[in-house]
Each structure stands twice: as structure tokens, then as C-alpha cells.
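1. I would like the atomic coordinates for the input below:
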Amino acid sequence: MLELSERRDADGAVCLSLIGELDLSVTDRLRLHLDQLQRSQRRVRIDLSQLEFIDCSGVALILAALREARGAQRALEVDRHVSPNVSRVISLVQIASDLWPGDALGDCVAPS
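-> Residues are numbered from 1 along each chain as shown. Got it, this is the predicted structure:
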């Protein structure tokens, strides 16, 4: 089960927190929500710090959304603070440079 929670960060970005599990059963719902936020022309930050599980469809969705947003010059980013489970997946599939391009370290930060 995936819960979506929105808040406005201090820098004005809409922070979309993903809570629970991101898998094939919820990717369509998340895709629609991200599309809606992107149409509003607001800066959007995806927070994965409370995500307990992510499967390959969830990873693919986030990467596709980032690629589309960058191609359309829209502001979509993934917060570097991710849950330990997400950190493991990012390391295993080696996508840190896709999530955070231009970052010399390419490491995510698990919340303490």
C-alpha cells in the first residue's frame, strides 16, 4: 500500500512523500499524481525517506518521470535522503547518477 503526502518545503517546492510500498499495483496512481503536479508548473521534490519497499516498476516510473521532466524543462527532483531499503536498491541497480546527475559522490543518505 502506498500513501502520498504533500507539503510545501521552505524553498517553495512541493514535496511529495511516498510512504509504504511502491510496486506495480500503485504505479498508475503515482504516475497520474505526478503528471497533475507537473502540469501545475510547480517545482516538485519526491521524498523517498519513508518508503519501505520499491520494486522495478517503481524504479522505472521514477526514472521515466525524471527523464520526461528534464526533457520538458520542468522541475522534478528526488530528495537525497532515502530510506535504507531504497538506498540498497539504488546501489544495487546503480541509478544514483540518474537520480542526482552531476553529483560527484552519487551516494544517497539514509535518514538517521
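2. So what are the sheet partners of the longest strand seen in the chain and their directions?
-> Counting by DSSP state E, the longest strand found in the chain is strand 44-54. Paired neighbours of strand 44-54 in the sheet (DSSP bridges): strand 14-22 (parallel), strand 76-78 (parallel).
3. could I get these as JSON lines with mean pLDDT?
-> Output for the strands paired with strand 44-54, formatted as JSON lines (pLDDT from 0 to 100):
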{"stretch": "strand 14-22", "mean pLDDT": "97"}
{"stretch": "strand 76-78", "mean pLDDT": "96"}
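4. tell me the most buried of those strands?
-> Among those, strand 76-78 has the highest mean neighbour count (mean count of other CB atoms under 10 Å), at a mean of 20. For glycine as for every other residue, the C-beta is placed from the backbone atoms N, C-alpha and C.
5. who touches it?
-> For strand 76-78, the external contacting residues (CB atoms under 8 Å, 6 or more residues apart in numbering) are 13, 34, 38, 43-46, 48, 62, 65-66, 69-70, 99-100.
6. Buried ones only from those, please, as a PyMOL command.
-> Only the buried entries of those go into this PyMOL selection, using 16 or more other CB atoms under 10 Å:
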select buried, resi 13+34+38+43+44+45+46+48+62+65+66+69+99+100
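7. what's the lowest-pLDDT member of the contacts of strand 76-78?
-> When the contacts of strand 76-78 are compared by pLDDT, Q38 scores lowest at 87.
8. that's a helix at it, yeah?
-> Yes. Assessed by DSSP: H, G, I helix; E, B strand; the rest coil, Q38 belongs to a helix.
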